[in-house]
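# Sharing a model prediction with you, sequence too.
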Amino acid sequence: MGGRAGRVLLRVATGITLAFMYIPLFLVVIYAFSDKGTSAWPPTSLSLKWVELAIANTGLRDAFLTSIVVALGATLIALVLGSLAALAVARHRFFGRELVSFVVIFPIALPGIVTGMALSTTFATTGLPLGVLAIVIGHATFCIVLVYNNVIARLRRTAASQEEASADLGADSWQTFRYITFPAIRSAMLAGALLAFALSFDEVIVTIFVAGGVKTLPIWIFQSFRLANQVALVNVAGMVAILLSVIPVYLATRLTRDAGAVGRT
Amino acid sequence: MTAASGPAPATSSGAPDSVRRRLAAALHRRPRLRLGLLLAGPGGWLVLAYLGSLVILFLNAGWSRDPFTGLVKRDFTFNNFVELFTNPLYRTVTLRTVGMAVAVTVTCALLAFPIAYYMARQASPRVRGLLVVAILMPLWSSYLIKAYSWRQILSGDGVLNWALSPLGLHGPGLNEVGLWLVMTYLWLPYMILPVYAGLERIPSSLLEASADLGGRGLMTFRRVTLPLVFPALVAGSIFTFSLTLGDYIAPSLITTTQFIGNVILANFGVPNLPLAAALSIIPLVVVTIYLLVARRLGAFEAL
């Protein structure tokens, strides 16, 4: 789009879009410190009382710890399975290779409610119990793609000739993996793991269907929406939830410097 | 990370080591076996945990709930599917949800274009990098809290009405129009990133060639840029469409209107699990059709 006016207009549009994306996030932080504890605007003064109440709230604390455990479990499974799938697809030619990429993406491309219903009917039908393990299984399923995409992007940029050279020099498969392949993909694996953690930590659509009575942080927040006296605590919990998903993602972008790999597919 | 960090392989000659070497050698000679071992874990997981549960979902959709005992009867019939087609409530809800998904997708595409264009064509590489991070942050930060923040913004005594009242205006409030705004907000980053990537892939030489041949700004945009970026636009729309279709939390926070997700959740569990299963076949089918169309339009290469 040529012309000086066009350039200025584009710049203004960019600024407005960014403001649109960030204002609601900043408002959560302000609400967390607002003394009113309701959605009424503007707050009359700032206070730390909701933060103190949130820290003292055992239900909130338990939910937070459950979310950490779930996210770590799901991340670990996704890390192993996603990396294995990426190594298989990037370094081998086989029938159904395209299908693997498709099946890996499927759980995240379908609406979360379909995944949630599918998993919960499966647990109900087979009689397996809902709860933390069920949540971990659900989250791991759609987190695989995050590790897979990061690792496969890295493998495609790393020449297979290095691995061939290693084999020519007498290294066996394990040594080649340990001294050549793994160092090359290590940071991509970590980036994928960070994203998987962030996604699992604030997933709620699927979680509600498989949680049974277990409360993760998002479920605690979701259930607190209906309780008028917990509105202010929700904003504090929300601030924590935002930080705990944004920090891993920021680290992941530093690790990959490859924007494409940090998108959700 | 002290002794193990060096590149020199450990040369201890124990029995386990030679077993490991023999195994490694065997794997090296049999690439098929190696491939099988690599794929067994992820393949088994996705087939069992995911595709398997989709099959069970479909089976459940054909079962029924005995109104007297409350137990699920495991005889497959098409009664639930007939109910979906004949009950006008489900048709209305489905059309409403798809309509919302289309409206949100179109709005996201319109809003995503200027910022993506600025990033890809005008910003310096440094600013471009910063903007990519600036768009990733809201994309990844807690969905639930973003929706909740909007509920507070749109509420009667919220920020929006406070900011608009000096102008004599007021915000859309907590209704379908508000939901359209909120969902556009929620899924916008999913559209910006692929459109940006698509615009960035267009070689400048093509745009220059168009200009050399007399194509003015708008002409070049319509005849060169837009067709080339279209697959990326479709790629982004997969997310905005699919995420809107499957959402039940934002609708319940912002409106009292029923969308398909709300109806599924209302039947989930004790009320009527088989009907909920049948209902969730609707978004499954709609999104699968959307994915097949998107694939034909070349969106998968732009992902």
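Arrived safely.
# does residue B:100 belong to a helix or a strand, and which?
Using DSSP states H and E, residue B:100 maps to helix B:88-121.
# Quick one: mean pLDDT for that helix?
For helix B:88-121, the mean per-residue pLDDT is 95.
# do the same with stretch A:195-210
On average, stretch A:195-210 scores 92.
# Does that stretch reach chain B?
Yes. Contact of stretch A:195-210 with chain B (Cβ under 8 Å from any Cβ of the partner chain) involves A:195, A:198-199, A:202, A:204-205, A:208-209. Yep, even glycine has a C-beta here, placed from its N, CA and C like the rest.
# ChimeraX command for the buried members of these?
Applied in ChimeraX, the following selects the buried portion of the residues of stretch A:195-210 next to chain B according to 16 or more other Cβ atoms under 10 Å in any protein chain shown:
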select /A:195,198,199,202,204,205,208,209
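# Relative to residue A:80, which of the residues of stretch A:195-210 next to chain B is nearest.
Among the residues of stretch A:195-210 next to chain B, residue A:195 lies closest to residue A:80 (Cβ to Cβ), at 15.4 Å.
# what sits against the closest one?
Taking Cβ atoms under 8 Å, 6 or more residues apart in numbering or on different chains, we find residue A:195 in contact with A:143, A:146-147, A:150, A:248-249, A:252, A:262, B:140.
# Which positions within the helix or strand encompassing it qualify as buried?
Per DSSP H and E: residue A:195 is located in helix A:182-201. Buried residues in helix A:182-201, counted by 16+ other Cβ under 10 Å: A:184-185, A:187-201.
# ok, now stretch B:205-223?
Quick answer for stretch B:205-223 (16+ other Cβ under 10 Å): B:207, B:210, B:215, B:220-221.
# Check whether that stretch comes near chain A.
Yes. Using Cβ under 8 Å from any Cβ, stretch B:205-223 comes into contact with chain A via B:211, B:216-218, B:221.
# quick one, what contacts residue B:286?
Counting by Cβ under 8 Å, 6+ apart, residue B:286 has contacts B:98, B:245.
# Relative to residue B:186, how far out is it?
To residue B:186, residue B:286 is 19 Å away according to Cβ to Cβ, to the nearest Å.
# Now the residue in the stretch 101-250 of chain A positioned nearest to chain B: closest residue in space that isn't a chain neighbour?
Relative to chain B, the nearest point of the stretch 101-250 of chain A is residue A:111 (2.2 Å; Cβ to the nearest Cβ). In space, and not counting its chain neighbours, residue A:111 is closest to residue B:246: 2.2 Å by Cβ to Cβ, 6 or more residues apart in numbering or on different chains.
# Tell me how many other residues crowd that neighbour.
Residues within reach of residue B:246, counting by other Cβ atoms under 10 Å in any protein chain shown, total 28.
# for it, what are its contacts?
A:110-114, A:205, B:261, B:283, B:287.
# sorry, back to before: give me the pLDDT value at the residue of the stretch 101-250 of chain A closest to chain B.
In this model, residue A:111 is scored at 90, pLDDT.
# Residue A:264 now?
For residue A:264, pLDDT reads 49.
# Point out where chain B drops to low pLDDT.
Residue ranges of chain B with pLDDT under 70: B:1-16, B:302-303.
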